[in-house]
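Trainee: Predicted structure and sequence below. I'll ask about it afterward.
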Amino acid sequence: HGNEAVTSEHVSCVAQVIFRASTWAMFRAAKRVLGCGSDGDAVAPEEARWPCCCKRRLLGAGADLEAPAPGRGRRQPRLVDLNSAPLEQLQAVPGIGKSRAEKLVELRGKGTLASLHALTALPGVRAGALEKIAKHAYVHPEKGLHGLDGAEDKDADLRLRCGRLLFGSWNVRNLGRKSLETNRARDVAAIVAEYDVIALLELRDVEVVDGLLQLLGKDRWAAALSAQVGTDHHKEVYGYLYRTAAVKLLNSQILDDADDRWVREPFLAHFKAAGGFDFVVAAVHIVWGKTIVERRKEVEALGKKLEKVKHWTGEGDIMLVGDFNLEPDDAAWSTARGAGWVPLLEDVDGLTSMVGDTHLYDNIWLHGKNTAGSEWLGVAGVIKFDQVLHFGGKKGSKEATKNAIKELSDHRPTWALFASDRDDDWSWSSVMPLFGKAGGS
C-alpha cells in the first residue's frame, strides 16, 4: 500500500483470505460431489466470507466483491457508464480523477462517446490509463454504431487485455443469402462487430454466415452452426459468431429432444475465454404457436431442464439466451426462477426488445448465485439499432420503424458484459458440459 508499513493486521488479513477462500471452494466442491443441491440454494458458511478489512486492499478502491442482487427491479451495476454517469461518479473511476472527469464531460457535450478507445482524446490517456479505466467503466455497445469503422476492433482488443467479454443474442428474422445482395448483411455485420460472442437465431441458411464472416474478417472471426431445426414448413439455423482472440469453441451440439418438447431444439456451445472463464450457452427460439399455451409449454420444459442442472457435476456457468416469445415475468418461468435462475433484462423503465411494440421477448438467463453473482459485471441491455441506423424518414417515426423491421429485424440484440478472467465453478474437463449430461432427460 505505497509507503504503508506491513503490520500484523495485514498478515492476519491475508491469512484469513487464503483460509476462507479455500474453505468456500471445498464447501462448493463437496455439494457438487454429494449431489446435495446447487450453489444457488447454498449460503456460504460464515468462515468462507471475505474479511471486510481486506476487500478494498485486494480489489482496489471502489471495487465491488458482492454481486448485484438478482431479482425483480433495478440492479446496481458494478461498472460505470461513461456516457451517463455524473461528474462525481466519473471522478471516482480509477484512471480518471477530477481533471479528466471534467474533460470527459466536455467531450460528451460534443457528442456521444462511441467507444472506450475514444478516451485517448483526453490529455494523458495512454494504454496504461485506458486499461485501468476499462476495468471499471464501459460504453454501451449501441453507442458503437455511432463510431468510426475499426473502433469496435480496438475496443475488443481492450476488453481482451482487461479481462472483459461482451456477449449477447439476436433473432435476425429470416436472414439468408439474399441479404448479401443488399445492405442488410452489412448492417448485421456492423452490429455483430460490437460483440465478442453472439448467438444468432432464425438464420435461413449457412451461406449468409459465410458472407458475414467475410465482412467481419475471417482472420478474426469464426462461427459454429447448427443443423436445421423446426418443422417441414419452416426450417432455420442457429449460429454462434465469435472473435477467435476472445474465446475458443470447445464443443457444440443440438440438445437431444427425444420427447419432442421443442419445435426448435436449443443449440448448445461450450466456450472458453482467453482469460479462463468457460461457459455453456443454450440458444433457443421458442415457438409462437397458435396460442400462448404452446409457448408456455416450451418455456416450462426449459425450466425443468434447468432444475436438473443444479445436480450436475459439469460446467456450472450456463447462459440460456434467445427469443422466448414470452415476457420474463410470465408464470411459465416459475420453475426456472424457483431453481435460482434470473433474467438479466426485466421491464425497468419501459425496456423492450421488440421493434415497434412494448414486448420484452428476448433475454439472457443466468443462475442467480453462480454466473449472475460472479462473472456477470452487472450491466446488460439491448441495442436499439432502429433508433441509431437510418431507415428513411425521421428516426423513431412510424415509417422508419416499419422500414427497420422490413430491412433488418423486428427484434433487438441483447447484450451483457462478463469478467473473462474469472471462473469460480467446479467442473471436470472429462465431463461433456452440455445439458444432455444434466441428469436424465
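Mentor: Cool, got the structure.
Trainee: Please count neighbours and contacts with C-alpha atoms only from this point.
Mentor: Will do.
Trainee: Show me the strands in the stretch 51-200 of the chain, by range?
Mentor: Taking DSSP state E, counting those that start in this stretch to define them, one finds strands in the stretch 51-200 of the chain at 80-81, 137-138, 164-175, 197-203.
Trainee: So which elements touch the following helix or strand past the last one?
Mentor: In other words, strand 197-203. Later in the chain than strand 197-203, the nearest helix or strand by DSSP states H and E is helix 207-216. For helix 207-216, the packing partners by 3 or more CA pairs under 8 Å, 6 or more residues apart in numbering; DSSP states H and E come out as helix 184-192, strand 221-225.
Trainee: out of the ones you listed, nearest to L130?
Mentor: helix 184-192 (23.6 Å; CA to CA).
Trainee: before we move on, back to that, quickly, which of the helices and strands packed on helix 207-216 bottoms out on average pLDDT?
Mentor: Among the helices and strands packed on helix 207-216, helix 184-192 carries the lowest mean pLDDT, a mean of 95.
Trainee: residues contacting E375?
Mentor: With CA atoms under 8 Å, 6 or more residues apart in numbering as the criterion, the residues that contact E375 are 418-420, 422-423.
Trainee: Can you name the two of those that sit furthest apart?
Mentor: Within the contacts of E375, F418 and D423 form the most distant pair, 10.6 Å apart (CA to CA).
Trainee: Would you mind measuring the gap between the ends of stretch 372-392?
Mentor: In stretch 372-392, first residue to last residue: 39 Å (CA to CA, to the nearest Å).
Trainee: I'd like the average pLDDT over it.
Mentor: Stretch 372-392 comes out with an average pLDDT of 93.
Trainee: Next, the buried residues of it.
Mentor: Across stretch 372-392, burial judged by 16 or more other CA atoms under 10 Å covers 372-387, 391.
Trainee: now swap in stretch 126-135 and tell me
Mentor: So, applying 16+ other CA under 10 Å, buried residues of stretch 126-135: 130-131, 133-135.
Trainee: want to throw the residues you listed into a markdown table with distance to K406 and pLDDT?
Mentor: Shown next, in a markdown table, are the buried residues of stretch 126-135 (distance: CA to CA, whole Å; pLDDT from 0 to 100):
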| residue | distance to K406 | pLDDT |
| --- | --- | --- |
| L130 | 40 | 95 |
| E131 | 40 | 95 |
| I133 | 39 | 96 |
| A134 | 36 | 95 |
| K135 | 38 | 95 |
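Trainee: Now go through those residues and say which are in helices.
Mentor: 130-131, 133-134 (DSSP state H).
Trainee: Could you export those to TSV, including columns for distance to V355?
Mentor: Output for these, formatted as TSV (distance: CA to CA, whole Å):
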residue	distance to V355
L130	35
E131	35
I133	33
A134	31
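Trainee: From these, pick the one nearest G97.
Mentor: The closest of these, once distances to G97 are taken by CA to CA, is I133, at 10.2 Å.
Trainee: Okay, strands next: where are they in the stretch 201-350 of the chain?
Mentor: 221-225, 229-230, 235-243, 247-254, 267-273, 278-285, 318-323, 341-343.
Trainee: Compare the ones you listed and report which one is nearest to E307.
Mentor: Checking the strands of the stretch 201-350 of the chain against E307 by CA to CA gives strand 341-343 as the closest, at 9.1 Å.
Trainee: downstream neighbour of the closest one in the secondary structure list?
Mentor: Next along the chain from strand 341-343, counting by DSSP H and E, comes strand 362-367.
Trainee: which residue ranges form the helices in the stretch 301-441 of the chain?
Mentor: 334-338, 398-407 (DSSP state H, counting those that start in this stretch).
Trainee: Now render those as CSV, adding distance to P123 and mean neighbour count.
Mentor: What follows is the helices of the stretch 301-441 of the chain, written out as CSV (distance: least, CA to CA, whole Å; neighbours: other CA atoms under 10 Å):
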stretch, distance to P123, mean neighbour count
helix 334-338, 48, 19
helix 398-407, 39, 17
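Trainee: Go through the contacts of E375 and say which is closest to V263.
Mentor: Using CA to CA, the contacts of E375 come closest to V263 at F418, 30.7 Å.
Trainee: And the closest one, how far from K297?
Mentor: Per CA to CA, F418 is found 31 Å from K297.
Trainee: So for those two, which sits in the more crowded spot?
Mentor: Set F418 next to K297 and count neighbours by other CA atoms under 10 Å: F418 wins out with 21 against 16.
Trainee: With adjacent residues omitted, what lies nearest to the more buried one?
Mentor: W376 (4.4 Å; CA to CA, 6 or more residues apart in numbering).
Trainee: out of the contacts of E375, which is most surrounded?
Mentor: Going by other CA under 10 Å, S420 tops the contacts of E375 with 24 neighbours.
Trainee: can you pull the contacts of that residue?
Mentor: S420 touches 163-165, 273-277, 375, counting by CA under 8 Å, 6+ apart.
Trainee: Go again with 7 Å.
Mentor: 163-165, 273, 275-277 (CA atoms under 7 Å, 6 or more residues apart in numbering).
Trainee: mind listing what's buried in stretch 301-319?
Mentor: 301-303, 305-319.
Trainee: Now do that stretch: distance from first to last residue.
Mentor: 16 Å.
Trainee: likewise stretch 124-144?
Mentor: Per CA to CA, the first residue of stretch 124-144 is 23 Å away from its last.
Trainee: one step back: pipe the contacts of E375 into CSV and attach pLDDT and distance to D330 per row.
Mentor: Listed next are the contacts of E375 as CSV, based on pLDDT from 0 to 100; distance: CA to CA, whole Å:
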residue, pLDDT, distance to D330
F418, 96, 26
A419, 95, 30
S420, 95, 31
R422, 80, 32
D423, 73, 31
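Trainee: Which of those residues fall within strands?
Mentor: 418-419 (DSSP state E).
Trainee: Closest one of the contacts of E375 to D219?
Mentor: S420 (21.6 Å).
Trainee: Phi, psi for the closest one please.
Mentor: phi -90, psi -10 (degrees, to the nearest 10).
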